[in-house]
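Here is a sequence with its predicted model. Questions after.
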Amino acid sequence: MKRAAVQYSSIMGLLDDEILLTILEKLQDPTDRKSWCLVSKHFFSLEARSRKTVQLMRSQLLPRILQRYNKIQHLDLSLCSQMTDESLGHVARLIGNRLLSINLSKLWTFTHFGIAQLVQRCQSLVEVDLSNCTEFTDYTAEAIAHAQNLKSLKLVKCKQITDMGLGCIAVGCNKLQTLNLKWCVGVTDLGVELVAVKCKELRNLDLSYLQITNKCLESLTRLCHLENLALVGCVSVGDKGLIYLKNKSLQIVCPTCILENQVLMGLDVSKCRNISSTGIINLASVSPELRQLTLAYCIPITSDLANSQTFDRLQIVKFDGCKISSTALASVGRSCKYLRELSLSKCIGVTDEELKGFLTYCRELNKLDLTCCCDLTDVALSAVAMSCRYLSSLKIESCHLVTEKSLTMLGEGCPFLEELDLTDCSINNTGLESLSRCSELITLKLGFCPNISDEGIIQIGACCSNLQELDLYRSTGVGDAGMVAISNGCPRLKSINLSYCTCISDDALKAISRLRKLHNLEIRGCSGVSSAGLSAIALGCKRIAELDIKRCYRVDDAGILAIADSCQNLRQVNFSYCPVSDVGLSAVASLTCLQNMKLVHLRNVTVNGFVSTLLACESLKKLKLLECLKFKLPRALIKRLEAHGCTIRWMDKPFVM
């Protein structure tokens with residue numbers, strides 16, 4: 001054995017560092033990279049010197065990580081709930097001008113002082129994500145404004161920022177190319193107008209759910225390079241606003257841009273109830289470069305709209321929730337020469353004949369969403385299978401008239417499928433056997449499919465080795481044998497949902513424990529599993545981050561203690577209705593990454609048990625408790641949790657087995 005190791009070491013020693021680093025670059029999976037590092041101290045050192053991107057889960061490790069990886073350019077801290085001004089100071093001092101991008105989304109424990117330190121020392125920053133930072137204020141915006149080289153800024157749900165703060169950003173960050181202000185409800189027309197005046201290089205702008213008007217869109221005509229615009233839920237925007245965008249496409253306001261040929265390529269006006277088909281037709285008639293159009297829950301899709309020039313060069317079309325008039329889909333297909341993605345989720349009026357008419361013209365689709373198109377039958381799915389050979393994603397959730405008959409053709413005609421949603425469809429094991437020919441499947445959803453059993457799941461496990469996500473929610477015919485086959489044949493699985501699969505026992509969990517990459521496990525209502533099975537998961541699946549064991553009545557403190565001891569990356573847990581006591585719950589408090597807890601009807605946990613656990617969980621962002629505890633827990637504890645940014649949802653529901 002020693003001789004073999006020495007021989008292997010001498011062979012690898014013949015390779016210079018450039019070749020070794022090239023090999024390392026090919027290893028995308030974190031587990032593979034970790035194994036590579038363990039080969040030798042030299043490999044370990046090379047990995048540290050070459051790593052440019054780091055995603056961290058524990059803020060206490062930040063100084064050590066930054067000292068080891070001295071080439072970091074991209075830093076994701078969104079999973080570190082305790083990111084303070086001091087922590088940002090460490091980033092500023094240890095990385096400095098090397099830092100190009102940082103993700104601080106969903107954090108609330110730092111202030112504008114920390115951002116000021118970061119921006120002052122990291123002058124090369126080009127991308128910052130501060131989405132869902134509840135404490136983001138105009139003071140923070142003023143600090144961000146000093147990042148003069150910033151090109152991308154995401155501020156989704158930063159509800160405290162106003163036009164004043166946005167104005168500071170517009171003045172200081174005039175190189176911005178991407179700006180996301182979705183749900184920044186304090187921003188009005190004035191703030192957007194300031195952005196339009198100062199940020200001339202903007203290409204991507206999301207103004208969804210802002211209280212803006214048509215006047216705001218007039219100011220956007222100054223943005224000569226604007227390519228993608230999202231106005232989801234902007235109810236005060238109407239056809240008049242689209243006329244302004246039409247003028248932009250005609251290059252009336254900024255004639256100097258004619259030479260650059262920069263025109264609108266993507267438009268999302270979902271839920272804009274004051275926009276009509278006339279406005280869309282007028283805009284599209286002068287926007288020949290429009291590639292993506294989203295009209296979800298917006299206007300009826302008529303033949304007049306479909307026959308216009310709207311769809312000439314579109315690649316992505318989303319009509320979710322719209323009413324589709326007769327022959328409209330066929331007209332869309334006739335107009336589309338380059339369409340690659342079509343979404344008809346929850347549309348009214350989609351029939352077999354309509355879809356067949358569309359597919360007559362569009363045979364190069366990559367993605368098709370037919371969720372809740374309840375009138376479709378095997379006829380439509382057979383047409384999809386015959387027409388769309390290169391389909392990679394198909395969603396037909398709740399298409400109850402689709403059976404295993406069409407899945408046979410789907411297995412033969414769409415060999416490149418990577419995502420398939422068959423939730424609540426009338427399929428059986430014969431259909432799964434046919435689908436097993438789609439060996440490239442990565443995501444497979446089979447929830448609410450009572451007619452499938454281990455026989456069909458075994459076929460999937462034998463043929464679909466690339467599977468990463470499997471959803472079997474309430475597919476009660478699936479048991480241990482199926483999960484053993486899946487665990488043996490699908491080593492890349494990251495997410496499994498077995499909720500209310502009552503035939504599942506500890507044997508299935510012991511098989512699943514071999515899946516080292518498992519990230520999300522839901523076994524809600526699996527009455528056959530116990531602490532023994534959960535302990536096996538704890539030992540084998542140490543990377544698990546989300547765990548749902550609600551109504552697992554045989555999982556007690558022993559299982560929870562095993563999880564708390566081994567699964568240090570846990571961020572989200574649901575222990576509701578489990579026979580857990582103070583002992584088990586208090587052990588969970590040691591998990592420093594824990595951000596979301598659902599603790600409803602824990603009848604064996606005392607008030608003191610809740611108090612001690614919640615006091616220790618400093619990283620909590622979301623918490624679900626019974627409403628009666630609102631009057632039993634100390635008011636000071638509730639205020640402390642809320643002050644740390646934790647949202648508490650109080651549930652008023654009786655205990656039902």
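Everything's here; your move. Numbers count the residues shown, from 1 in each chain.

Angles on the backbone of the residue nearest to Cys464 when sequence neighbours are not counted, please.
Once flanking residues are discounted, Cys464 sits nearest to Leu441: 4.7 Å by CB to CB, 6 or more residues apart in numbering. Glycine gets a C-beta too; all of them are placed from N, C-alpha and C. Dihedral angles of Leu441 (phi, psi; degrees, to the nearest 10) stand at phi -60, psi 130.

quick one: Leu342 from Val317, how far?
5 Å (CB to CB, to the nearest Å).

so what pLDDT did Arg64 get?
pLDDT, Arg64: 88.

swap in Asn307?
Taking Asn307 on its own, its pLDDT is 75.

Ala4 now?
So, for Ala4, pLDDT stands at 46.

what do you get for the one 4 residues further on?
Here the pLDDT value assigned to Tyr8 is 45.

got any ranges where the stretch 201-350 of the chain has weak pLDDT?
246-262, 285-288, 309-310 (pLDDT under 70).

What segments of it are helices?
214-219, 239-249, 277-284, 303-307, 328-335 (DSSP state H, counting those that start in this stretch).

what would the ones you listed look like in CSV with distance to Ile544 and mean neighbour count?
Below are the helices of the stretch 201-350 of the chain laid out as CSV (distance: least, CB to CB, whole Å; neighbours: other CB atoms under 10 Å):
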stretch, distance to Ile544, mean neighbour count
helix 214-219, 45, 21
helix 239-249, 47, 20
helix 277-284, 46, 20
helix 303-307, 47, 18
helix 328-335, 43, 23
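
I'd like these as CSV, with distance to His112 appended.
Below are those laid out as CSV (distance: least, CB to CB, whole Å):
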stretch, distance to His112
helix 214-219, 27
helix 239-249, 34
helix 277-284, 40
helix 303-307, 47
helix 328-335, 49
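
Show me which residues of stretch 442-461 are buried.
442-449, 451-461 (16 or more other CB atoms under 10 Å).

for stretch 458-476, same thing?
Under 16+ other CB under 10 Å, the buried positions of stretch 458-476 are 458-461, 463-464, 467-476.

same deal with stretch 393-401?
393-399, 401.

Reformat those residues into JSON lines and put distance to Asp239, pLDDT and secondary structure next to each item.
Listed next are the buried residues of stretch 393-401 as JSON lines, based on distance: CB to CB, whole Å; pLDDT from 0 to 100; DSSP: H, G, I helix; E, B strand; the rest coil:
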{"residue": "Ser393", "distance to Asp239": "33", "pLDDT": "98", "secondary structure": "strand"}
{"residue": "Leu394", "distance to Asp239": "35", "pLDDT": "98", "secondary structure": "strand"}
{"residue": "Lys395", "distance to Asp239": "32", "pLDDT": "98", "secondary structure": "strand"}
{"residue": "Ile396", "distance to Asp239": "35", "pLDDT": "97", "secondary structure": "coil"}
{"residue": "Glu397", "distance to Asp239": "34", "pLDDT": "97", "secondary structure": "coil"}
{"residue": "Ser398", "distance to Asp239": "34", "pLDDT": "96", "secondary structure": "coil"}
{"residue": "Cys399", "distance to Asp239": "35", "pLDDT": "95", "secondary structure": "coil"}
{"residue": "Leu401", "distance to Asp239": "38", "pLDDT": "94", "secondary structure": "coil"}
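
Leu467 belongs to a helix, doesn't it?
No: under DSSP: H, G, I helix; E, B strand; the rest coil, Leu467 sits outside any helix and is assigned coil.

Spatially, which residue comes closest to it, not counting chain neighbours?
Cys490 (4.2 Å).

Looks like the one you found contacts Ala462 (just checking).
No: the pair Cys490 / Ala462 is not scored as a contact, 9.7 Å apart, by CB atoms under 8 Å.

rewinding a little: just checking, which of the buried residues of stretch 458-476 belong to helices?
Under the assignment DSSP state H, the buried residues of stretch 458-476 contribute 458-461, 463 to helices.
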